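1. Quick one: sequence plus predicted model below, questions after.
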Amino acid sequence: MEKLQLEKIKLERLKAFLDLVEIRTKVASILPFFVGTLYAITRYHRFNLTNALLMFFSLLMIDMATTSANHYMDYKKAILKEGFHYEKHNPIARAIYNVKHAKWIIIALVAFGAFLGVVLAVQTDWIVLWIGMFSFLVGLLYSFGPVPISRTPMGEAVSGFFMGVVIVGLSVYIHIVPLGIVTYNLTGNEAIFFLNWREIINIIVVGLPMMFLISNIMLANNTCDMAEDEVNKRMTLPILIGEEQATKLYLWAVYGAYAAIVLGIMIEALPPIQVASLATFPILRVKSWQFVEHPVKSDTFVLAVKNFVIFSSVYILGFLLYAVQQIL
């Protein structure tokens, strides 16, 4: 009986931790990682398992730390202590997680993620370290500081760019360092970089669909939370431009994701088989309009996440099929 009770306590603690880090939302960083990894394999025929594992777990730790920090800061700075965002969405406000424990969890996740990132940089080159350090700094500023980025109109753009383009780009680069797509020479007080612009543009274009749809997840979240965010003095993008313009922007971001696919195929950054990704457009269009017509956190916010997962799954499948095609 005592052993059963102990197991129950352990299970409850695990559930509380997973709730704090919102493990279900980690697809927003993991799926771009798989896109970049598969692109490195299919376009450059390069794959380094050690580098992939180091980046995967470093990315996961930092993403969980950022989510936990958002909950922590929302709890600490909350003026309105009622409503879905506070009472239902925040695990600290619901007393599922102790404030002191949450703080130490954030510190541990950041420390472990940063350590793995440094090891990855040692395994690759200084560019990975610089990009990692800058991304890490942005991640901290996203949640902490006098005015966290998540509380400003820049939240959507920053999260979309770093989780879409930067994660995809870094997931490619850690495998192709020896190819010299980016090289540099440090002499005295000068740093000279040599870039293969064509390949860099290709990688950026590959990450654009992810960027648009990840930005939409935050845009949907902030649109649903407008009333509470105004009280809590969060100057988010929807508050700045209004709900009508925010929902229009949401739709245009969906269209932008598919325009990026077409562009990628046209400039040969993406293989022709990725035309299959366009088949998801009718599904995403319907779900997008459902959100636009009824932007409510408890009812339709999840549609933005579903859009991202549906599109990304087919996008990744396209790269997998291309890999099989190359083998055959």
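-> That came through fine.
2. When you work out contacts or count neighbours from here on, use the C-alpha atoms and nothing else.
-> Fine.
3. packing partners for the strand or helix carrying residue 121?
-> If you go by DSSP states H and E, residue 121 is part of helix 99-123. In terms of contacts (3 or more Cα pairs under 8 Å, 6 or more residues apart in numbering; DSSP states H and E), helix 99-123 is packed against helix 49-77, helix 126-143.
4. The helix or strand following the last one - what's its average pLDDT?
-> Of the helices and strands lying after helix 126-143 in sequence (DSSP H and E), the nearest is helix 155-160. Averaging pLDDT along helix 155-160 gives 92.
5. now do stretch 29-43
-> Stretch 29-43 shows a mean pLDDT of 95.
6. cool, stretch 185-199 as well?
-> In this model, stretch 185-199 has a mean pLDDT of 81.
7. which intervals of the stretch 151-300 of the chain have sub-threshold pLDDT?
-> For the stretch 151-300 of the chain, applying pLDDT under 70 flags the ranges 188.
8. what about the strands in the stretch 151-300 of the chain?
-> Listed in chain order, the strands of the stretch 151-300 of the chain (DSSP state E, counting those that start in this stretch) span 182-187, 190-195.
9. what comes into contact with the last one?
-> Identification of contacts with strand 190-195 by Cα atoms under 8 Å, 6 or more residues apart in numbering yields 181, 182, 183, 184, 185, 186.
10. same thing but at 6 Å, please
-> 181, 182, 183, 184, 185 (Cα atoms under 6 Å, 6 or more residues apart in numbering).
11. wait, which of the residues you listed is closest to residue 272?
-> Checking the contacts of strand 190-195 against residue 272 by Cα to Cα gives residue 181 as the nearest, at 23.4 Å.
12. okay but that closest one is in contact with residue 197, surely?
-> No: counting by Cα atoms under 6 Å, residue 181 does not reach residue 197; the two are 8.3 Å apart.
13. Could you say which of the strands of the stretch 151-300 of the chain is packed most deeply?
-> Of the strands of the stretch 151-300 of the chain, the one with the most neighbours on average (mean count of other Cα atoms under 10 Å) is strand 182-187, at a mean of 12.
14. Contacts for it, please.
-> Strand 182-187 is contacted by residues 191, 192, 193, 194, 195 when judged by Cα under 6 Å, 6+ apart.
15. do stretch 302-313 as well
-> Stretch 302-313 is contacted by residues 213, 217, 284 when judged by Cα under 6 Å, 6+ apart.
16. ok, the last one to residue 198 distance?
-> The spacing between residue 284 and residue 198, counted by Cα to Cα, to the nearest Å, is 31 Å.
17. higher neighbour count, the two?
-> Using other Cα atoms under 10 Å as the criterion, residue 284 and residue 198 rank with residue 284 on top: 21 against 11.
18. buried set for the helix holding residue 121?
-> Applying a neighbour-count criterion of 16 or more other Cα atoms under 10 Å, one finds 99, 102, 105-106, 109-111, 113-114, 116-118, 120-121 buried in helix 99-123.
19. Please apply the same query to stretch 311-323.
-> In stretch 311-323, counting by 16+ other Cα under 10 Å, buried: 311, 312, 314, 315, 316, 317, 318, 319, 320, 322, 323.
20. Kindly export it (C-alpha atoms) in PDB.
-> What follows is stretch 311-323, C-alpha atoms only, in PDB (Å, rounded to 0.1, in the frame of the first residue of the first chain):
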ATOM      1  CA  PHE A 311       1.300  20.900 -42.300                       C
ATOM      2  CA  SER A 312       4.600  19.900 -40.700                       C
ATOM      3  CA  SER A 313       3.800  16.200 -40.800                       C
ATOM      4  CA  VAL A 314       3.100  16.300 -44.500                       C
ATOM      5  CA  TYR A 315       6.200  18.500 -45.100                       C
ATOM      6  CA  ILE A 316       8.400  16.100 -43.200                       C
ATOM      7  CA  LEU A 317       6.800  13.200 -45.100                       C
ATOM      8  CA  GLY A 318       7.700  14.900 -48.300                       C
ATOM      9  CA  PHE A 319      11.400  14.900 -47.300                       C
ATOM     10  CA  LEU A 320      11.200  11.300 -46.200                       C
ATOM     11  CA  LEU A 321       9.700  10.200 -49.600                       C
ATOM     12  CA  TYR A 322      12.400  12.200 -51.400                       C
ATOM     13  CA  ALA A 323      15.100  10.400 -49.400                       C
END
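21. you'd agree residue 235 is up against residue 150?
-> No: using Cα under 6 Å, residue 235 makes no contact with residue 150, being 9.1 Å away.
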